[in-house]
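Visitor: Quick check, what structure comes out for this input:
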Amino acid sequence: MGGHPDFDAMARRVIDGNLYMTLATLDPDGSPRLSPVYFTPARYTDLYWVSSPDAHHSRNLLERPHVQIVIYDSSVAVGHAEAAYLAARARMIPGEELDGVLGEAFGGRGGARAFTREELTGDGDLRLYAATVTSCEVLVRGRDPVHGQGTDARMPADPTA
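Guide: Residues are numbered from 1 along each chain as shown. All right, here's what the predicted structure looks like:
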């Protein structure tokens with residue numbers, strides 16, 4: 001990935017500071033499908049969420065696993081926005097891999113309960129999904145006192161740096 005240290009720090013701040021991401025999948029006809037999902041980040045490389053395998057976005061990513069994600073805080077005042085734009089490859093976590101990821105998928109975030117292996121397999125209505133980040137950009141405001149260029153822009157970032 002690679003980016004400026006300020007942009008890398010912004011990406012970490014945005015990912016750490018928000019509970020929801022907007023997940024963009026592709027319908028079979030190529031139309032985008034946008035879905036807000038509660039997520040848990042792990043190492044800034046994997047983002048986990050729980051969903052029904054029957055959900056529209058879940059069916060989409062099974063056939064077309066390349067997804068786009070945006071994370072941002074919509075409550076900030078105009079002119080103070082920060083956002084992380086992520087490209088990722090998403091998948092449902094198969095039952096045989098669950099034990100290895102349950103701790104990081106449900107650890108460290110407030111507000112959501114941890115799901116059990118039994119709830120995420122067999123006859124359970126939900127499954128665990130993960131998006132592995134392949135690239136990251138952040139929103140740099142046009143009026144940013146250090147990095148602004150007059151208009152808002154996306155700049156590469158590496159939250160793992």
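
Visitor: helices and strands around the longest strand seen in the chain, which ones?
Guide: When the chain is scanned for its longest strand (criterion: DSSP state E), the result is strand 127-140. Applying 3 or more C-beta pairs under 8 Å, 6 or more residues apart in numbering; DSSP states H and E, we find strand 127-140 packed against helix 5-17, strand 46-51, helix 56-63, strand 66-72, strand 83-92, helix 95-105, strand 153-156. In short, each C-beta sits where N, CA and C put it, glycine included.

Visitor: at 7 Å instead, please
Guide: helix 5-17, strand 46-51, strand 83-92, strand 153-156 (3 or more C-beta pairs under 7 Å, 6 or more residues apart in numbering; DSSP states H and E).

Visitor: Using CSV, write out the CA atom coordinates for that strand.
Guide: Provided in CSV are the C-alpha atoms of strand 127-140 (Å, rounded to 0.1, in the frame of the first residue of the first chain):
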residue,chain,number,x,y,z
ARG,A,127,-22.2,-16.4,9.1
LEU,A,128,-19.0,-14.6,9.8
TYR,A,129,-17.5,-12.7,6.8
ALA,A,130,-14.1,-11.1,6.4
ALA,A,131,-12.7,-8.5,4.0
THR,A,132,-9.0,-8.6,3.5
VAL,A,133,-7.8,-5.2,2.5
THR,A,134,-5.8,-4.9,-0.7
SER,A,135,-5.4,-1.1,-0.9
CYS,A,136,-6.3,2.0,1.2
GLU,A,137,-6.8,5.6,0.5
VAL,A,138,-7.9,8.5,2.7
LEU,A,139,-9.8,11.7,2.1
VAL,A,140,-7.6,14.7,2.2
